[in-house]
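> give me the fold of what follows.
(chains A, B, C and D)
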There are 4 protein chains.
Amino acid sequence: MSRITLGNKKEILQKDFFKSLLVEFICTFLYEFAGVGAAMAAETLDGSSLANLFFVGMAHALAVAVMVSSSLHISGGHINPAVTLSLAVGGHCTVLRSLLYWVDQLLASSLACLSLRFLTGSRTIPIHQLASGVGFMQGLLMEHILTFSMLFTVYATMVDPKKGVLDGQGPLLTGLIVGANIFAGGAFTGASMNPARSFGPALVNWNWTHHWVYWLGPLTGGGLAGFVYENFFMPRTPSISLPNDEESGLFYIAN
Amino acid sequence: MSRITLGNKKEILQKDFFKSLLVEFICTFLYEFAGVGAAMAAETLDGSSLANLFFVGMAHALAVAVMVSSSLHISGGHINPAVTLSLAVGGHCTVLRSLLYWVDQLLASSLACLSLRFLTGSRTIPIHQLASGVGFMQGLLMEHILTFSMLFTVYATMVDPKKGVLDGQGPLLTGLIVGANIFAGGAFTGASMNPARSFGPALVNWNWTHHWVYWLGPLTGGGLAGFVYENFFMPRTPSISLPNDEESGLFYIAN
Amino acid sequence: MSRITLGNKKEILQKDFFKSLLVEFICTFLYEFAGVGAAMAAETLDGSSLANLFFVGMAHALAVAVMVSSSLHISGGHINPAVTLSLAVGGHCTVLRSLLYWVDQLLASSLACLSLRFLTGSRTIPIHQLASGVGFMQGLLMEHILTFSMLFTVYATMVDPKKGVLDGQGPLLTGLIVGANIFAGGAFTGASMNPARSFGPALVNWNWTHHWVYWLGPLTGGGLAGFVYENFFMPRTPSISLPNDEESGLFYIAN
Amino acid sequence: MSRITLGNKKEILQKDFFKSLLVEFICTFLYEFAGVGAAMAAETLDGSSLANLFFVGMAHALAVAVMVSSSLHISGGHINPAVTLSLAVGGHCTVLRSLLYWVDQLLASSLACLSLRFLTGSRTIPIHQLASGVGFMQGLLMEHILTFSMLFTVYATMVDPKKGVLDGQGPLLTGLIVGANIFAGGAFTGASMNPARSFGPALVNWNWTHHWVYWLGPLTGGGLAGFVYENFFMPRTPSISLPNDEESGLFYIAN
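As a prediction, this is how the structure comes out:
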């Protein structure tokens, strides 16, 4: 855990930092808009509960793949507080940057849900909730495992410099595992894997039932993935210094 | 906005310009043929309204990904007046070229719809219309946001020279966000994001209800994305001159 | 049309030629097995006609993408007589090779259908037929346009040396347009786009109704795409000699 | 078959070998969790049998693509005893390593099923079984062909050094053919293609009906694909020595 770095004022005063916040805001908004919009469409339209889950899972898979891609070279493509925390645990994002990303992501998610409410004539926005019969421990562990799965993929296919032939495929693969995980866990917890994705709908509906589950599960799962990957799989190359913020288009570490 | 360039007669008299118009025509036709054909199949076949939207969304996602890819290195792969306008706003396509692309795209869309009418025994071609309960402001804003989302992706993953590891994935990602956005907005406005896609069916059915929404929403959304990306995210490299029309296989700027 | 080359005995006596025939056989068999198997599963299982078409379209999309990829570097990845003819029209495959590929593809398709019949306890294999209300001219033109679309994609994303950033994406994109085209045309003609795909089921069921449509439509559509692409879009580089059979891993031309 | 190599104690005492076992365990667990979880969700939710098969097929396609990618550069990305055996047949994985991978994969699969049972309140885990009317020979041959198809793809797009432009696409293509093959064979045998995928559910339910079919079919199919590819298609380059375990990030051979 000694890899965590605090960051300093110098980092956040750079022009690139503002760009990062702006693109995280835009892409989290657009992701949330597509994902929540699709969940609302599935509620509105007529279809079986299985078709409903498939539809929602595919919408999130595609939206994650694209919005991580679109923001990757500017902000690192997080659009998810669990991703931000996991990268901070591995030392790839300062604590200061992480906190500002979190606020940014929550604001973007909230604005997307407010927009959808206006655009659909105040239709209800579906929130993440545990299915009946699913207890807290089960819900927590489900979100923990699904988010671990997603972050392990982020580390293996994007952060790891030895990813080799898969270079550039990370965002698409991250979207695909989001889809598969929603198919597996969506019927039980909604398979959020993203506190910001859960926050906007809860705020706009002012319904906080089980909401903490969608913070604790994803954050511990994402954090554990970062810890495991850094300690067991990340190649150590002490002689090669990491690029600084100005040059790196991908992940941010403290100066 | 000072990046907009007018273009001149020299550009459009080049042999490559004719090739561009021809490939835009062919690929817009083939995109429209697959997209509208799938919408007609969904009307014809038996299935839930949710399955219907998913089917149509996936058809458009795949057709956009492929037809942008197939025309990318010849015409820039627009197949959509909103893309053309957005690139003109960013200075990546002259006004003269843009106008000729627009006419081209509208003709291709119309011919595709006429062909489908003949091939299916004069079956009705479904047009884009606002769902009941969706007002003009809501419809406009929905199309505006969805098209902004698509064009932001085009800029981030294709136009931006710093896209890096994602090089070559832009057309696929553009198709995927078209799919996700149709899942989100299709039940409310049809999620056209493309005035040419809406024009052909309206012409062939001579039904122009709400048609202006499918011009104003996409064009303002696409234009805004170009403006935002150019001004906040596009790296400035004044010393490297941009390739001219003869050499560039991707995007066109005025000489 | 002067690009067509006949080929000679020398070519077909090479060891690599035998490998090409073997891999075309294996991959056409595996493609046909997955595609026809999925069509049989859709008949067997309970689902709406729209879900049926989507299921079949996706199975073909994925199987084409993979089997073209798996045979690409050995035989050129045709697995379809319309692809072979189209490449012959453009001068990328000799007439002699084309004829042997055709026989090969038809045998593989037939064996796949016989295997499926055995494996499923002599269940009926669905054949391609025009839907009721679709005339011969309509069916022919539909298959012609859909196959033109697929082959235009093959030329633009695989054969054209200026495909640039899309290098390597051709097989996947070919699969995706097969999917989109099945969504568009499947309800009317079955959207075969491949005479070998239609031949196996017709043979095993000894049902040749409308069968000629699935040869004439795809072959003329594929041939036209080759002719158009070669004459309007293919860059001419007379000074660079094309690689010979031994070295080229992709497309074959006469020595 | 002379390519098979036994391996020695030196190999398994290396630090990288432990990493390989750990990542195979994690990724097999996460694959099994997503795949079996999706199968359980499909049982739980309401939908047609066709939608059910499509849902399950897509979940496996995506999970295979991602988990092979995530473990590729560390362990070779097997997550399947049939893949391990097939690579051993081709001489790309020692017998010693193969045996330890097998145990590892079976443990991971079992733990994933136990976790799912806990998380869903002891819901039944669906096992692979032959559909009614499908005999042993038919079931065996179906699993044999489907696994041959998958392993042929693994060899052609990952192991073969002449894969060229497809470099890096192997894991995604492997996932896609898993999807297509499930669509084709899922209604008859479940289309396991992976003894570990079948083992976990059988163990947790203590239901071993037909279980041997899911070992014999995939192992012979995968083994045959390795034998065929090595002997007919693998380019021979005796002068270039293969990388040793320490350097190769992809496939392992004996020292």
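
> A:D167: how many residues sit nearby?
Residues lying near A:D167 (other Cβ atoms under 10 Å in any protein chain shown) number 14. Placement of C-beta: from N, CA and C, glycine included.

> residues touching it, list them.
B:165, D:168 (Cβ atoms under 8 Å, 6 or more residues apart in numbering or on different chains).

> and it, how far from D:H73?
11 Å (Cβ to Cβ, to the nearest Å).

> please apply the same query to A:C27.
Distance from A:C27 to D:H73, by Cβ to Cβ: 27 Å.

> looking at the two now, which is surrounded by more residues?
Each of A:C27 and D:H73 has its neighbours counted (other Cβ under 10 Å); A:C27 has more, 29 against 22.

> what helix or strand is that one on?
helix A:15-44 (DSSP states H and E).

> and A:L99, by the same measure?
Using DSSP H and E, A:L99 sits within helix A:95-119.

> what about the nearest residue to A:G139 once chain neighbours are set aside, neighbour count?
Nearest residue to A:G139, sequence neighbours excluded (Cβ to Cβ, 6 or more residues apart in numbering or on different chains): A:L130, at 4.4 Å. Residues lying near A:L130 (other Cβ under 10 Å) number 20.

> where does A:L130 land in three-state SS?
Put simply, A:L130 is coil when judged by DSSP: H, G, I helix; E, B strand; the rest coil.

> I'd guessed it sits against A:W212; true?
No - with contact defined as Cβ atoms under 8 Å, A:L130 does not reach A:W212; the gap is 11.3 Å.

> what segments of chain A are helices?
Using DSSP state H, the helices of chain A run over residues A:9-12, A:15-44, A:49-75, A:81-89, A:95-119, A:136-154, A:170-185, A:195-205, A:213-228.

> what helices or strands is the last one leaning on?
When you say that, I think you mean helix A:213-228. Packed against helix A:213-228, as judged by 3 or more Cβ pairs under 8 Å, 6 or more residues apart in numbering or on different chains; DSSP states H and E, are the following elements: helix A:81-89, helix A:136-154, helix A:195-205.

> mind checking if stretch A:6-25 is in reach of chain B?
Yes - under the criterion of Cβ under 8 Å from any Cβ of the partner chain, chain B is reached by stretch A:6-25 at A:19, A:22-23.

> please see if stretch A:62-73 touches chain D.
No - contact of stretch A:62-73 with chain D (Cβ under 8 Å from any Cβ) is absent, the minimum separation being 10.9 Å.

> ok, residues contacting that stretch?
Contacts of stretch A:62-73 (Cβ under 8 Å, 6+ apart): A:23-24, A:26-28, A:30-31, A:34-35, A:77-79, A:170-172, A:174-176, A:178-179, A:249-250, B:61, B:152-153, B:156-157, B:160, B:162-166, B:169, B:173, B:176-177, B:179-180, B:183.

> same check, this time on stretch A:31-45
The contact list for stretch A:31-45 (Cβ under 8 Å, 6+ apart) reads A:52, A:55-56, A:59-60, A:62-64, A:67, A:79, A:108-109, A:112-113, A:115-116, A:120, A:123-126, A:196-197, A:200-201, B:48-50, B:53, B:145, B:149, B:177, B:180-181, B:183-188.

> what average pLDDT does that stretch get?
Regarding stretch A:31-45, the rounded mean pLDDT is 96.

> pull out the buried positions in it.
Of all the residues in stretch A:31-45, those buried under the rule 16 or more other Cβ atoms under 10 Å in any protein chain shown are A:31-43, A:45.

> show me how far it is from its chain's centre.
Stretch A:31-45 sits 17 Å away from the centroid of its parent chain (Cα atoms, centre = their mean, to the nearest Å).

> next one: stretch A:123-130
On Cα atoms, centre = their mean, the centre of stretch A:123-130 falls 18 Å from the chain's centre.

> contact partners of that stretch?
By Cβ under 8 Å, 6+ apart, the residues outside stretch A:123-130 that reach it are A:36, A:39-40, A:43-44, A:113, A:116-117, A:136, A:138-139, A:188-190, A:192, A:197-198, A:200-202, A:204-205, A:207, A:209-211, A:213-214.

> please name the nearest non-neighbouring residue to the residue nearest the centre of chain A.
Taking Cα atoms, centre = their mean as the criterion, A:N80 is the residue nearest the geometric centre of chain A, at 2.6 Å. Counting by Cβ to Cβ, 6+ apart, A:N194 is the residue found nearest to A:N80 once chain neighbours are left out, at 4.3 Å.

> give me the low-pLDDT residue ranges for chain A?
Within chain A, the ranges that satisfy pLDDT under 70 run A:1-2, A:237-255.

> for it, which residue gets nearest to chain C?
At 8.2 Å from chain C, A:A51 is the closest residue in chain A, using Cβ to the nearest Cβ.

> stretch A:103-122 close to chain B?
Yes - against chain B, stretch A:103-122 shows contacts by Cβ under 8 Å from any Cβ at A:115, A:118-121.

> put the buried members of these into a PyMOL selection.
Selection of buried members from the residues of stretch A:103-122 next to chain B for PyMOL, criterion 16+ other Cβ under 10 Å:
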select buried, chain A and resi 115+119+120
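
> out of the residues of stretch A:103-122 next to chain B, flag the one nearest to A:E230.
A:S115 (37.5 Å; Cβ to Cβ).

> right, I'll leave it there.
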